[in-house]
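*Asks:* Here is the input, now give the coordinates:
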Amino acid sequence: MLIGIDMLAVQSAGSDSTESGRLGRQLVSSLLALDPSNRYLLYTHEGLDTEQIPSARRALRVSIEASSDEPMSRRQELQRVLDLNPDGLDWFILLDPFGEHYGGIPLESPLNQLKIASVVTDLSPTRANDRRLAPLLDHDAVLAFTRSSVRECRERLPEISDRVRLLDLAVNASAKGSSRFEPLFPSQAHELGRLGITGPFLLANVASGTERSNLRGILEAYHRLPIEHRSGYQLVITGVVNRPWSAVACLHEHGCADGLVLTGPVDESTLLSLYSRCSVFVSPSFGQASELSLVEAMSRGAAIVAGRGGAQPEILGDAGLLTDPNDTVEIARQIVRLLEDPNLARDLQGKALDHSNRFSWKSVVERFLVIFQNEEPETSSRRYRFDRAHQVRPRIAIFSVSRPVQRCHDDFDAQIAWTCQADSEIDLYFETADLSAAEISHPEFGRFDVRQFARNDNLLGYQAIVHVLPDVFAIRPKLARLEVCPGLVILRDETSIDRIGLDRFRSDPGELDIEAEVARQRLSELFRTGSSIGVRSSRNREAIQKSFPAYNEQVIEIPPLLDSPVSRESRRPVSASRPMAAWLGERSVVSQASRKPRSWIKTDPFDGPIDSNDPYLKTR
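*Replies:* Presented below is the predicted three-dimensional model:
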């Protein structure tokens with residue numbers, strides 16, 4: 001098996017001091033060292049540092065040249081590699097899909113046979129909102145290092161919960177070492193002095209960012225310590241502090257700024273030495289943060305105070321003290337416990353060393369290979385039943401996703417289907433795996449598997465085709481279908497399209513909006529299939545037409561009747577000025593004249609063959 005890995009997360013500036021960058025580098029190094037069967041291609045990026053890129057006999061580096069240093073440029077080049085797959089990869093791995101080098105938006109799954117996996121270290125609201133999670137829905141695997149991260153991914157991405165897998169954390173054997181009770185070598189003493197450390201100290205690492213690592217809470221807890229502890233122990237903070245003078249001012253107000261030491265980013269050997277020598281490692285982080293720091297501190301025998309959120313209780317167990325990250329008084333109280341009770345500190349240090357032995361990269365690599373070598377689960381073979389009496393009326397096919405036409409008064413898909421149903425027959429086409437959506441949809445609609453469309457279209461000849469998609473990010477995975485049956489595309493969420501129209505309001509004309517640029521790319525691909533897009537506001541229509549003047553006729557403003565509420569009892573629109581089907585016919589946006597001839601569709605283009613003898617496959 002040939003596996004490609006994007007190394008941009010490791011090459012980015014400051015990656016050697018961030019959790020995602022260090023975890024990515026250690027994961028790749030372990031794969032190259034412990035996997036004897038597979039081959040690897042490491043995709044590096046020109047113009048960026050390659051010193052942290054691991055090497056091995058079975059790993060070949062492939063350099064990618066970007067047209068500029070802008071995030072969008074590197075994202076486009078890497079997306080092109082995925083789409084073309086010139087090296088014949090079986091899998092492609094993204095080490096940090098939400099990183100700034102991707103503009104905060106994960107790369108999209110290619111339309112070829114290449115499988116893609118994303119390694120997710122954090123799904124916090126500050127890093128990924130629901131719209132930016134959309135590309136992950138089409139990835140073949142989402143990998144997380146902790147059970148807490150797995151649960152969060154499955155909660156926010158329930159559609160692919162079976163594809164979210166656990167890797168588990170690990171620590172390098174070289175990271176395991178001595179504690180502060182062992183003699184201090186001259187070289188270590190010199191390094192501590194160079195950083196400004198002159199005596200006993202408390203340690204905090206903000207590798208996950210100052211907000212996620214709760215720097216403010218750490219500073220406030222420090223000034224709440226009794227004066228004898230503030231004067232006897234320095235507070236050493238490693239990692240990038242965005243506003244260092246703000247941190248100094250926070251302690252200066254309380255007269256204890258002299259004890260603060262801001263080291264900035266440090267190399268791995270120095271960080272491990274600090275873990276060994278600190279009196280207490282303070283890490284009351286929020287959510288999924290500081291996971292690697294906790295494991296490394298445990299492996300060096302540190303006495304730890306951690307937060308109760310995210311994966312910290314799962315990682316630490318009984319090898320440290322837990323506290324509420326929002327309660328600075330409690331954080332200070334737990335620190336004082338460890339400083340004043342040497343027996344408790346020594347007991348927790350021993351437990352931390354023992355507990356760290358279970359974090360092994362060998363087991364992580366074994367999990368990784370099991371995930372990537374397992375065959376895909378079999379898809380369901382059930383079909384959808386169609387048992388409605390034949391009526392000679394125009395027919396409209398609606399491709400929908402994510403449980404359309406539910407028994408809900410405000411369901412967007414239901415508004416479209418019921419409005420079209422006023423004077424036309426409606427056939428709903430469901431994804432193969434979405435069986436529950438077909439079961440709860442209204443019996444007046446035809447319900448079909450998407451694989452039946454080619455046969456039905458040859459027999460029935462649909463007057464119009466409507467594709468209902470969640471948002472603009474869902475266009476690319478459906479391009480194969482849109483090429484075969486172009487039609488009117490309606491988006492449930494137009495937020496990304498709204499951003500296209502915001503360009504003229506932006507204060508800085510040179511500012512790049514990554515989300516708007518991706519939306520423009522997806523719309524360009526959509527228009528080339530011959531499909532039209534329906535928008536619900538004049539501003540969005542004008543913005544798209546301005547960006548794509550050659551496709552003005554393919555941008556349609558949907559009539560207001562789609563916004564009318566749906567009755568709870570009948571699940572029909574309460575009021576409708578005219579039938580949606582009639583409006584489609586007037587605009588001729590998806591008429592037979594604009595579609596490819598049905599004779600061109602010889603076989604089903606979407607999935608496996610259809611059994612013509614299946615009793616559930618019926619026509620009117």
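*Asks:* residues touching the closest residue to Asp90 other than its chain neighbours, list them.
*Replies:* Distance criterion CB to CB, 6 or more residues apart in numbering; nearest residue to Asp90, sequence neighbours excluded, is Met1 at 4.8 Å. C-beta: built from backbone N, CA, C; applies to glycine. Met1 is in contact with 37-39, 90-91, 372-373, counting by CB atoms under 8 Å, 6 or more residues apart in numbering.
*Asks:* in the sheet, who's paired with Ile533?
*Replies:* Beta-bridge pairing of Ile533 under DSSP bridges involves Val489, Val555.
*Asks:* one step back: ok, the contacts of Met1 vs Asn540, which is closest?
*Replies:* Proximity of these to Asn540 was ranked by CB to CB; the top entry is Trp91 with 37.6 Å.
*Asks:* how many other residues sit next to the closest one?
*Replies:* 20 (other CB atoms under 10 Å).
*Asks:* Report the beta-bridge partners for it.
*Replies:* Beta-bridge partners recorded for Trp91 (DSSP bridges): Ile3, Lys115.
*Asks:* Hmm, Lys115 and it touching each other?
*Replies:* Yes: assessed by CB atoms under 8 Å, Trp91 is found in contact with Lys115 at 5.0 Å.
*Asks:* joint contacts of the two?
*Replies:* Counting by CB under 8 Å, 6+ apart, the shared contacts of Trp91 and Lys115 are Asp140.
*Asks:* Among the contacts of Met1, name the ones in strands.
*Replies:* Residues of these located in strands (DSSP state E): 39, 91.
*Asks:* and which of the contacts of Met1 is nearest to Glu228?
*Replies:* Of the contacts of Met1, the one sitting nearest to Glu228 (CB to CB) turns out to be Phe372, at 55.1 Å.
*Asks:* isn't that closest one right next to Ile3, touching?
*Replies:* Yes: judged on CB under 8 Å, Phe372 makes contact with Ile3 at a distance of 7.2 Å.
*Asks:* Overlap of the contact sets of the two?
*Replies:* Trp91.
*Asks:* Now distance to Ala311 too, for the contacts of Met1, in CSV please.
*Replies:* Formatted as CSV, those follow (distance: CB to CB, whole Å):
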residue, distance to Ala311
Ser37, 31
Asn38, 28
Arg39, 32
Asp90, 30
Trp91, 26
Phe372, 23
Gln373, 26
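*Asks:* and of the contacts of Met1, the nearest to Glu542?
*Replies:* For the contacts of Met1, the nearest to Glu542 is Trp91 (42.8 Å; CB to CB).
*Asks:* distance of the closest one from Gly99?
*Replies:* Trp91 is 19 Å from Gly99, where distance means CB to CB, to the nearest Å.
*Asks:* and Gly255, how many neighbours?
*Replies:* 10.
*Asks:* cool, Gln79 as well?
*Replies:* By other CB under 10 Å, neighbour count at Gln79 equals 17.
*Asks:* Could you list the buried residues of stretch 450-460?
*Replies:* Residues of stretch 450-460 classed as buried: 450-457, 460 (neighbour count, 16 or more other CB atoms under 10 Å).
*Asks:* what do you get for stretch 214-221?
*Replies:* 214-215, 217-221.
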